[in-house]
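Asks: Got a sequence here, can you build the structure:
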Amino acid sequence: MIRFQVGDVVRTRKPHPCGGDQWEVMRTGIDFRIRCLTCGRVVMIPRPKFEKSVRAIVRPGRDDNQTDK
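Replies: Below is the predicted model:
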């Protein structure tokens with residue numbers, strides 16, 4: 001099972017109507033809140049639908065276990 005984090009940028013199987021297929025994860029849990037990086041639209045979708053629609057993680061979000069020095 002893939003673990004998603006806030007800040008991850010994911011590519012979806014089907015593009016958004018604006019043409020963009022990259023989304024930033026803004027919230028995780030039972031529902032996911034994601035933002036289209038092309039038009040800025042924010043959408044909340046259930047976890048099972050989100051997990052089916054993700055093709056790949058384009059850029060991982062910041063890991064909370066890492067510290068900046």
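Asks: So, low pLDDT: which residues of the protein?
Replies: Across the chain, residues meeting the criterion (pLDDT under 70) sit at 1, 63-69.
Asks: in it, which spans are strands?
Replies: Taking DSSP state E as the criterion, the chain contains strands spanning 9-12, 22-27, 31-36, 42-46, 54-59.
Asks: Show me what counts as buried in stretch 2-20.
Replies: 4, 8-12, 16, 20 (16 or more other Cβ atoms under 10 Å). Heads up, the C-betas are built off the backbone N, CA and C, glycines and all.
Asks: Do I have it right that Val10 meets Met26?
Replies: No. With contacts defined as Cβ atoms under 8 Å, Val10 does not count as touching Met26, sitting 11.5 Å away.
Asks: Between these two, which contacts overlap?
Replies: In the contact map built from Cβ atoms under 8 Å, 6 or more residues apart in numbering, the residues linked to both Val10 and Met26 are Ile34.
Asks: For Met26, see how far away Lys52 is.
Replies: Relative to Met26, Lys52 is positioned 19 Å away (Cβ to Cβ, to the nearest Å).
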